[in-house]
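In: Could you look at this predicted model? Sequence included:
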Amino acid sequence: MLLEALQDFEWYNEPKNVIFRDKNMLVSAEKGTDFWQSRPHRFSQDNGHYFFTRRKGDFSFVVKWTFSGCGAYNQCGLMLRIDENNWIKASIMYDNPERPMLGSSVTQNGSSDWAAQDIPQGIQDIFFKLKRLGGDYLIYYSLDGENFKQIRMTALLNDMEEVKIGAYICAPREDNFEASISLLEVTSNAQ
């Protein structure tokens, strides 16, 4: 991964430990970090680590994460964000070490939903793609970077012309969750 390709990206809640290498960026998530909003339960967490760029119009975004030793509720994936009350995320997550899940969440007006499905055990690489087409957001995942499967289509009630799109990582309960990003790609016109 070339540093020049990352010059338009910035951090929201920058982690203490980020290592830039020739082909990837290793990120260590800090304990107690998450992106989750629940008004009925009076719970708000907006301190996950988010590496993003700003985009207008239609586009496609792809990120590749490599990880191992994923503890309970640790996550790495993609996020599209308007503000702390309105965003979309998709990630790998383990609610126990034996059962990986592919999850997605849409947060609108400060309330998050959650949709999950099982994926094969033993994976260590995953690609996520988000396409913005008009007012729609389509989310995909792939295990090989070529064959993408759609997992969600949604819209944001408080959508804006300019949005933030990027990669996120968090460790709600445990320290030492490390994962690396080896691909961050944004293309215009959702190709």
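Out: Perfect, I can see it now.
In: and the nearest residue to Ser68 once chain neighbours are set aside, how many neighbours does it have?
Out: If you skip the residues right next to it in sequence, Ser68 has Gln124 as its closest partner in space, 5.4 Å away by CB to CB, 6 or more residues apart in numbering. Every C-beta, even on glycine, is put in place using the N, C-alpha and C of the backbone. Other residues within reach of Gln124 by the criterion other CB atoms under 10 Å amount to 12.
In: what's Gln124 in contact with, if anything?
Out: Each residue near Gln124 by CB atoms under 8 Å, 6 or more residues apart in numbering is listed here: Thr66, Phe67, Ser68.
In: quick one, phi psi at it?
Out: With angles defined as degrees, to the nearest 10, Gln124 sits at phi -130, psi -10.
In: now do Asp58
Out: In terms of degrees, to the nearest 10, the main-chain angles of Asp58 are phi -80, psi 140.
In: How about the contacts made by Phe43?
Out: The neighbourhood of Phe43, defined by CB under 8 Å, 6+ apart, consists of Trp36, Gln37.
In: Distance of it relative to Met25?
Out: Using CB to CB, to the nearest Å, Phe43 is found at 30 Å from Met25.
In: ok, and the most crowded of the contacts of Gln124?
Out: Ranked by the number of neighbours (other CB under 10 Å), the contacts of Gln124 place Phe67 first, at 20 neighbours.
In: Quick check, that one in contact with Glu178.
Out: Yes: because the distance of 7.4 Å satisfies CB atoms under 8 Å, Phe67 is recorded as touching Glu178.
In: Near Ser38, how many other residues are there?
Out: Taking other CB under 10 Å as the criterion, the count of residues near Ser38 is 13.
In: which residues does it form a beta bridge with?
Out: Partner residues in beta bridges with Ser38, using DSSP bridges, are Phe43.
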